[in-house]
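Colleague: Let me see the structure of the following:
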Amino acid sequence: MVKAFVLLCLSLCRLVDVTESVNSVSVMEGDSVTLNTDVTETQKYLLIQWTIGSTRIAEFNKLTQTSSTFDSKFRDRLTLDLTGSLTITNTRNTDSGLYKLTIVGDETEYKNFNVTVNESPRSTSSSETSSSSNFVTSSFVVNNQTENDYNTELHKPSSDPIHCCGFTEAVIRLVVSALVGVATVAVLVYDIRSTRRELIRTRWIEHYHQTSVASYHQYEMCRTLSSGDVEM
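Modeller: You can find the predicted model right below:
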């Protein structure tokens, strides 16, 4: 009974030692992490064994200088060096857990490593970048729409006083141009008529002058003839 009690006490003491010797290790997903045994190559030991939970995943036999891995979920992502330190490459979230180290030699030593693989912020950054891109795109669409609306409003016919004055001015200019054209035609017609009347008057005067001269010549001829008859 006493022996059993002593063994129980030793077991409890060992459990307390194991609990107190837990090393917490944090790593980002995708990175590599090394769990160091703090054993030197000259140190005397026979076997170094790694387990996660109750599953043996790797061990190093110093007598044969050989290392072995046993858990297929790591898929060749585990390596051991000559000191038995365990390196996990390309870590994943599923690699998180309690890793137990057992060093068998003159005395058996135990160490625990609580490994936490944190999710990579790249996915969050990608999400933020995507959100930012969507915001920029939306902003561009809004600005583009605003610019298009502004251009539409700029070229849209308006009924404000400025446009009305412009239309009235155009109408006035058109009417003035028409009046000037009519006046020009009237002047040309008047000038043509005046020239025609002057030409008719000139011709009449010439005709009158010619008629008068002919009448005078006839008169003189008749007078001469009359005088000759008297003398005979």
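Colleague: What does Thr87 show for phi and psi?
Modeller: phi -120, psi 130 (degrees, to the nearest 10).
Colleague: One more: Leu101?
Modeller: phi -110, psi 130.
Colleague: what about it, neighbour count?
Modeller: 23 (other C-beta atoms under 10 Å). Bear in mind the C-beta positions are built from the backbone N, C-alpha and C, glycine included.
Colleague: same thing with the one 3 residues further on?
Modeller: Neighbours of Val104 under the rule other C-beta under 10 Å: 15.
Colleague: Can you report how many residues lie near the closest residue to it other than its chain neighbours?
Modeller: Once flanking residues are discounted, Val104 sits nearest to Leu47: 4.2 Å by C-beta to C-beta, 6 or more residues apart in numbering. Neighbour count for Leu47, taken as other C-beta under 10 Å: 15.
Colleague: you'd agree Leu47 is up against Leu101?
Modeller: No. Leu47 is beyond contact range of Leu101, at 11.3 Å (criterion: C-beta atoms under 8 Å).
Colleague: Can you name the residues that contact the residue nearest to Val104?
Modeller: For Leu47, the contact set (C-beta atoms under 8 Å, 6 or more residues apart in numbering) comprises 59-62, 102-104.
Colleague: where in this protein is pLDDT low?
Modeller: 1-20, 122-165, 213, 227-232 (pLDDT under 70).
Colleague: need the longest strand for it.
Modeller: strand 109-118 (DSSP state E).
Colleague: Now the phi/psi pair for Glu59, please.
Modeller: Dihedral angles (degrees, to the nearest 10) for Glu59: phi -160, psi 150.
Colleague: hmm, back to that, list phi and psi for the residue nearest to Val104.
Modeller: Torsion angles, degrees, to the nearest 10, at Leu47: phi -150, psi 140.
Colleague: any idea how far it lies from Val189?
Modeller: Here the distance between Leu47 and Val189 works out to 132 Å (C-beta to C-beta, to the nearest Å).
Colleague: Give me the domain ranges for the protein.
Modeller: When the chain is parsed with automatic domain parsing, its domains come out as 12-117, 161-226.
Colleague: What segments of this protein are helices?
Modeller: Along the chain, the stretches classed as helices by DSSP state H are 2-20, 121-155, 161-231.
Colleague: Against Arg201, how distant is Arg56?
Modeller: From Arg56 to Arg201 the distance is 142 Å (C-beta to C-beta).
Colleague: Which one of these two is surrounded by more residues?
Modeller: A count of neighbours by other C-beta under 10 Å puts Arg56 above the other of Arg56 and Arg201, at 16 against 10.
Colleague: Could you pull up the contacting residues of the more buried one?
Modeller: 49-50, 70-71.
Colleague: Between those, which sits nearest Ser85?
Modeller: Trp50 (9.7 Å; C-beta to C-beta).
Colleague: Report how many residues lie close to the closest residue to the closest one other than its chain neighbours.
Modeller: Nearest residue to Trp50, sequence neighbours excluded (C-beta to C-beta, 6+ apart): Ala58, at 4.5 Å. Per other C-beta under 10 Å, the neighbour tally for Ala58 reads 23.
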